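Any chance you could fold what I've pasted below:
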Amino acid sequence: MNMGSFGGDLFAVFKSRITVIICGLLTSIITARYLGATGSGIVAALTVYPDLFMVVGSLGIRQSTAYFVGQNKFEEAEIFSALFRLWVFSSIFCIIVCYILLNYNPKGEYGNSLILLAILPIPFSLFSTYSSGVFLGKNRIKDFNSVNWIPNVIKLIVYLLFIVILPWDVFGAMLGIVLGYVGLSFFVWKKMSPMIAFPLRNKSDVIYKMLRLGIVYALALFVISLNYKINIIMLEQLSSRDQIGIYAKGVSIVEYLWEVPTLLSTIVFARSASSTDPLGFSKKVAQLLRICFIVVSLMSIAFFFLSTFIMVTMYGEEFRESSMVQKILLPGILLMTIFKVLNMDLAGKGKPWIAMLTISPALLINIILNWIWDAKYGANGAAMASTISYSISAVLFLFVYAKQVNIPLREIVFFNKADFDFIKKFKLSK
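Just a heads-up that it's a prediction; the model follows:
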């Protein structure tokens, strides 16, 4: 397989992530300014279940597809056939379950039109997720990046039209999400169709083997996503919609600190899936972690002092409380950088179950602490629960990772002289 340079892939991912950040910030400002804390809370509550079940419905197929394509395990025609059949089944299942959860939520009462808009993105999102695994397995980083930025650009355009120009409020916001995923699906199909040979070949053992690995990925991703989303679910039951909005806006901004490891994680996964020197690759990933940790630490310190100014300037006085949410979250966000970088290496090696084992106890702690603190402290209680959960999961994962890749812990966490000429010399290869 012809592997492009790490620097070239990094620049391609960087452009994509910058687009995502800019569009995300602008759409977030629009919802804050035009919908307020309560409206923002409604949007967050409406999307939390579809977001989670899009992870469940993905069945880890993007990751398993990338792994099998990268390792040339099956013929592409067999993979495409399996992807189509799995997509149909998972889309139907997730739509039904999410409709039930939203329609019969005792704290919901959103109305059928909003519920319909909340669940409509599911099949389009799953189609793009499944297909993008092929791009990742082939190291087509540019095409894979498009899966990230296209829906954000479309959503921003729709928000400007249906929230700023036309006062469609929450309905306009939900419509923007739907159209973003629909536009993405058309783009992905245009890229995928030249690679697909019809008729597709049906081979049941391909589905079985993809699911066997993919289900583990899906369970791991579900547990990870639930650890991020459980706070909104429990705030909806134990607190108020405006507190959901305060928390959601605070989290949406502070999580941009994760853009540093996210920038690298796609390339790490793609190259780990096809690496012929796992130990050497893991040592380079550990070097990436050390650099990321310094960068995120410096950004966290700056953000701590600027968060109030940022939130009031961008979102208005109504979201001043979100700055405290961010300050509480910062230690957990920083430590979670460890997990963000190292997990992609093990996932690329076909070991996603390790993330599930280390996140599960942290998720349980998160649920318990939310139950204790949300009713009394609202958004701040949810933030405290999150930062404790993130910290525990990151530390646990670090110890397990060191054992799995057979690298001493001190070699992973302590800097060395070579780390500081990283930009000039570091290049990941097969």
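
Just want the most central residue of the protein.
Ser225 (7.5 Å; C-alpha atoms, centre = their mean).

check contacts around it.
Taking C-beta atoms under 8 Å, 6 or more residues apart in numbering, we find Ser225 in contact with 51-52, 55. No exception for glycine: its C-beta is placed from N, CA and C like everyone else's.

how close does it sit to Lys349?
21 Å (C-beta to C-beta, to the nearest Å).

Kindly report the same for Gly57.
From Gly57 to Lys349 the distance is 24 Å (C-beta to C-beta).

Run through the stretch 251-400 of the chain and note the low-pLDDT ranges.
Within the stretch 251-400 of the chain, the stretches with pLDDT under 70 are 263-276, 348, 350.

repeat that with 50
273 (pLDDT under 50).

Strands along that one, start to end?
Secondary structure of the stretch 251-400 of the chain (DSSP state E, counting those that start in this stretch): no strands located.

Would you map the helices across it?
259-273, 278-315, 321-348, 353-377, 379-405 (DSSP state H, counting those that start in this stretch).

Any buried residues in the longest one, and which?
In terms of neighbour count (16 or more other C-beta atoms under 10 Å), helix 278-315 has its buried residues at 281-282, 284-293, 296, 299-300, 303, 307-308, 310-311, 314-315.

who does it touch, helix- and strand-wise?
Here helix 278-315 touches helix 6-58, helix 241-254, helix 259-273, helix 321-348, helix 379-405, helix 409-413, going by 3 or more C-beta pairs under 8 Å, 6 or more residues apart in numbering; DSSP states H and E.

got a markdown table for these, with distance to Leu117 too?
Shown next, in a markdown table, are the helices and strands packed on helix 278-315 (distance: least, C-beta to C-beta, whole Å):
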| stretch | distance to Leu117 |
| --- | --- |
| helix 6-58 | 8 |
| helix 241-254 | 18 |
| helix 259-273 | 27 |
| helix 321-348 | 25 |
| helix 379-405 | 25 |
| helix 409-413 | 45 |
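
what's the closest of these to Leu175?
With distances scored as C-beta to C-beta, the stretch of the helices and strands packed on helix 278-315 nearest to Leu175 is helix 6-58 (11.3 Å).

How much space separates Val88 from Ala66?
21 Å.

Neighbour count for the two, which is higher?
Using other C-beta atoms under 10 Å as the criterion, Val88 and Ala66 rank with Ala66 on top: 27 against 12.

Quick check, pLDDT for that one.
At Ala66, the model reports a pLDDT of 70.

same question, Asn112
88.

and the angle from the host helix or strand of Ile122 to helix 321-348?
Counting by DSSP states H and E, the secondary-structure element that holds Ile122 is helix 121-137. Orientation of helix 121-137 against helix 321-348 (axes from the mean of the first three to the mean of the last three C-alpha atoms, to 10 degrees) gives an angle of 50 degrees.

Toward the C-terminus, what is the element adjacent to helix 121-137?
Following helix 121-137 in sequence order, the next helix or strand is helix 141-159 (DSSP H and E).

When Gly57 and Lys349 are compared, which one has more neighbours?
Gly57 (28 against 19).

so the more buried one sits right up against Tyr130, yeah?
No - applying C-beta atoms under 8 Å as the test, Gly57 and Tyr130 come out as separate, 9.5 Å apart.

Would you list the phi and psi of Ser240?
The phi/psi pair for Ser240 (degrees, to the nearest 10) reads phi -130, psi 170.

Let the chain start at 44 from now.
Fine by me, first position is 44 from now on; the one you just mentioned is Ser283.

ok, how many other residues are close to it?
Close neighbours of Ser283, defined as other C-beta under 10 Å, add up to 16.

where's the spatially closest residue to Ile200 that is not a sequence neighbour relative to Val207, distance?
Leaving aside its sequence neighbours, Ile200 sits nearest to Gly219 (C-beta to C-beta, 6 or more residues apart in numbering; 8.0 Å). Using C-beta to C-beta, we find Gly219 at a distance of 11 Å from Val207.

the more surrounded of the two?
Using other C-beta under 10 Å, the more surrounded residue of Gly219 and Val207 is Gly219, with 27 against 13.

That one: which element?
Using DSSP H and E, the element containing Gly219 is helix 212-235.

Which secondary structure elements does that helix sit against?
Against helix 212-235 (3+ C-beta pairs under 8 Å, 6+ apart) you get helix 49-101, helix 155-162, helix 164-180, helix 184-202.

Please identify the most buried of those helices.
Of all these, helix 164-180 carries the top mean neighbour count, a mean of 25, counting by mean count of other C-beta atoms under 10 Å.

chain center to that one: distance?
Centroid separation for helix 164-180 versus its chain: 14 Å, with C-alpha atoms, centre = their mean, to the nearest Å.

Then stretch 70-84?
On C-alpha atoms, centre = their mean, the centre of stretch 70-84 falls 21 Å from the chain's centre.

cool, stretch 281-291 as well?
Offset of stretch 281-291 from its chain centre (C-alpha atoms, centre = their mean): 21 Å.

got the contact list for it?
With C-beta under 8 Å, 6+ apart, stretch 281-291 has contacts from 79-85, 87-88, 274-275, 278-279, 362, 364-365, 368, 413-414, 417-418, 421-422, 425-426.

Show me the shaky parts of the stretch 44-193 of the chain.
Low-confidence segments of the stretch 44-193 of the chain (pLDDT under 50): 44-47.

try 70 this time
44-56, 102-103, 106, 110, 112-117, 119, 151, 179-185, 187-188.

And the pLDDT at Phe205?
Phe205 carries a pLDDT value of 92.

Nearest residue to Arg76 in space, ignoring adjacent ones along the chain?
Arg76's closest residue in space is Gly359 (C-beta to C-beta, 6+ apart), at 6.3 Å.

What backbone torsions are found at the one you found?
Backbone torsions of Gly359, given as degrees, to the nearest 10, read phi 100, psi 170.

So it versus Thr81, what's the distance?
13 Å.

same question, Leu163
Leu163 is 23 Å from Thr81, by C-beta to C-beta.

and if you look at Gly257?
Distance from Gly257 to Thr81, by C-beta to C-beta: 39 Å.

And Ile402, by the same measure?
31 Å.

Does Phe458 belong to a helix, a strand or coil?
Counting by DSSP: H, G, I helix; E, B strand; the rest coil, the backbone at Phe458 sits in coil.

Spatially nearest residue to it (excluding sequence neighbours)?
Arg333 (5.6 Å).

do the same with Leu89
Ala161 (4.5 Å).

Same question for Ser83.
Nearest one to Ser83, counting by C-beta to C-beta, 6+ apart, is Gly288 at 3.7 Å.

swap in Thr90?
Nearest to Thr90 is Ala161, by C-beta to C-beta, 6+ apart, at 6.3 Å.
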